[in-house]
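Engineer: below is the sequence, then the predicted model.
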Amino acid sequence: MTTGNGQSQQPISNLEYDFITVLHNKAEAVQAYERYIQDAQEVNSQPCVELFQKLRQSEIEQAQELRHHLQQVMQHGRM
């Protein structure tokens, strides 16, 4: 819903919500990969450890990019 001046009466915009949701999912994925790395280490599977570390790093980089976009959207209402 918007007011007469075009501003939303929602506490956050749909776009902000989307970024927050995706960022939350990325944070959960990073935590999950930490468990997967430990599991692979317990069975002494270095190739699996390395793959999970690579995937975890990718999630971290994506989360950083999402944070940047979220900051821009929160400051300017859009990118």
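Structural biologist: The structure has been received and is ready for your questions.
Engineer: grab the nearest non-local neighbour of the spatially most central residue of the chain.
Structural biologist: Against the mean C-alpha coordinate of the chain, by CA atoms, centre = their mean, the closest residue is L23 at 2.4 Å. On the basis of CB to CB, 6 or more residues apart in numbering, the spatially nearest residue to L23 that is not a chain neighbour turns out to be L66, at 4.7 Å. Every C-beta, even on glycine, is put in place using the N, C-alpha and C of the backbone.
Engineer: test my guess that the one you found contacts F19.
Structural biologist: Yes. The criterion here is CB atoms under 8 Å, and L66 meets it with F19 at 5.8 Å.
Engineer: does the spatially closest residue to Q62 that is not a sequence neighbour sit in a helix or strand, and which one?
Structural biologist: By the measure of CB to CB, 6+ apart, the closest residue to Q62 outside its immediate chain neighbours is K26, 5.7 Å from it. Remark: K26 resides in helix 14-42, with elements defined by DSSP states H and E.
Engineer: the longest helix belonging to the chain: how far from the chain's middle?
Structural biologist: When the chain is scanned for its longest helix (criterion: DSSP state H), the result is helix 46-76. With CA atoms, centre = their mean, to the nearest Å as the basis, helix 46-76 stands 6 Å off its chain's centre.
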